[in-house]
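> Need a 3D model of the sequence below.
(chains A, B, C and D)
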There are 2 protein chains.
Amino acid sequence: MRLTERKIAATLRQHGYKLTPQRRSVIRTIASSQDHLTPAAIYQKVHQDQPSIGLVTIYRTLDILAKLELICELHAGGSCHSYTIGARGHHHHLICSNCGEVIDFAGYDLTQLEQRLSRQTGFEIEGHLLEFIGLCQNCQQEDD
Amino acid sequence: MRLTERKIAATLRQHGYKLTPQRRSVIRTIASSQDHLTPAAIYQKVHQDQPSIGLVTIYRTLDILAKLELICELHAGGSCHSYTIGARGHHHHLICSNCGEVIDFAGYDLTQLEQRLSRQTGFEIEGHLLEFIGLCQNCQQEDD
DNA sequence: ATATAAATGATAATATTTTTCATTTACAAC
DNA sequence: GTTGTAAATGAAAAATATTATCATTTATAT
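Numbers count the residues shown, from 1 in each chain, chains lettered A, B, ... in the order given. Presented below is the predicted three-dimensional model:
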């Protein structure tokens, strides 16, 4: 079940953020869209409602909403700027959010889930992205 | 097992790409690094070897290597520019690579895997990213 | 109504990626 | 080894995306 505009607004307030017309409009735009939207797309839509809004406000609002986990950030393929050498065979990654260390792990099979999704949605599934983010041992100590 | 520089070079040739010193250097850099590297980081390293190389060549080489699946593209968190409203409860996404349609799905639990990884690596896992990419039914038809 | 900290928008700066095009080069054919 | 050719490169600029700065405005508690 998707979060409602009301619920999002309330959570913002609870965390001490002010509820401005601009923020309301950003929330309404995202909440009423079926698709995922880029900051620029959100700006365009919100701009109809709030002609004086700046793109900066969009970015700031998205940052807050993402931090509070009221919106989801998607990785829609394409350009996410980090590369490692390919490993033979299928594998996934575990990445340290602090130092960037990457550990490959294998032996986890998503085929069944993939088939289930394909059957349920009619999608022809081309691939997937599975990553874990966390703190490696070194970085845990530094944070203490 | 990670791909070797040799293997990557051979695959490039097999696909009709020329093996230039610049490309060799990019491959060597990525292959010899433990971390994942941004294009800018790769450029810096390669530049020591090939002082005249341009950043453009890095981008072009990365595109080719990624297309041939010789390197992995990582999403290291941060700014990947697409947002949807948060759903209540934990869920993941299925995204159409053509039209961008997003389907949320729930009921898939990664806790066990998370615990296994945590035990094996000592990571303190903060979160994960699981997405499937594919073609929705509409877009499959258009592509025929 | 008022005080105040937070939020906004304008502007500029920075960072990232792509395009264009003249020059150079890898490599296949001889 | 030469040579021809398509492919690749680098320089420069353009396009795109994101962040920083700061004076002004505003939501909200009192």
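
> where exactly do the strands run in chain A?
A:71-75, A:81-85, A:92-96, A:102-105, A:124-135 (DSSP state E).

> And these, which one averages the lowest pLDDT?
Least confident of the strands of chain A, judged by mean pLDDT, is strand A:81-85 with a mean of 69.

> Got the domain ranges for chain A?
Domain ranges of chain A: A:5-67, A:92-142, per automatic domain parsing.

> The shortest one near DNA strand C anywhere?
No - using Cβ under 7 Å from any atom of the strand, domain A:92-142 stays clear of DNA strand C, coming no nearer than 13.5 Å. The way it works is simple: take the backbone N, C-alpha and C, and place the C-beta from them, glycine included.

> right, is that domain up against chain B?
Yes - using Cβ under 8 Å from any Cβ of the partner chain, domain A:92-142 reaches chain B at A:93-97, A:100-103, A:105, A:108, A:113-114, A:117-118, A:120-137, A:140.

> Quick check: PyMOL command selecting the buried ones in those.
Buried members of the residues of domain A:92-142 next to chain B, defined by 16 or more other Cβ atoms under 10 Å in any protein chain shown, are picked up in PyMOL with:
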select buried, chain A and resi 93+94+95+96+97+100+101+102+103+105+113+114+117+121+123+125+128+129+130+131+132+133+134+135+136
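
> Could you check which residue of chain A lies nearest DNA strand D?
Nearest residue of chain A to DNA strand D, counting by Cβ to the nearest atom of the strand: A:Leu19, 3.5 Å away.

> so what's that residue up against?
By Cβ atoms under 8 Å, 6 or more residues apart in numbering or on different chains, the residues touching A:Leu19 are A:Ala9, A:Leu12, A:Arg13.

> Any regions of chain A where pLDDT drops low?
Applying pLDDT under 70 to chain A flags the ranges A:1, A:75-82, A:86-89, A:97-100, A:142-144.

> What distance do you get for A:Gln22 to A:Gln115?
Computed with Cβ to Cβ, to the nearest Å, the distance linking A:Gln22 and A:Gln115 is 44 Å.

> same thing with A:Thr121?
A:Thr121 is 11 Å from A:Gln115, by Cβ to Cβ.

> Please apply the same query to A:Pro51.
Distance of A:Pro51 to A:Gln115, given as Cβ to Cβ: 48 Å.

> And the residue nearest the centre of chain A?
For chain A, the residue nearest the mean C-alpha position is A:Glu73 (1.3 Å; Cα atoms, centre = their mean).

> Nearest residue to it in space, please, no chain neighbours.
A:Ala66 (5.5 Å; Cβ to Cβ, 6 or more residues apart in numbering or on different chains).

> what about the one you found, neighbour count?
Counted with other Cβ atoms under 10 Å in any protein chain shown, the neighbours of A:Ala66 add up to 14.

> A:Pro51 and A:Gln115: which is more packed in?
Between A:Pro51 and A:Gln115, counted using other Cβ under 10 Å, A:Gln115 has the larger neighbour count: 11 against 7.

> ok so, going back, would you mind giving the domains of chain A as a markdown table with distance to B:Ile42 added?
Shown next, in a markdown table, are these (distance: least, Cβ to Cβ, whole Å):
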| stretch | distance to B:Ile42 |
| --- | --- |
| domain A:5-67 | 26 |
| domain A:92-142 | 14 |
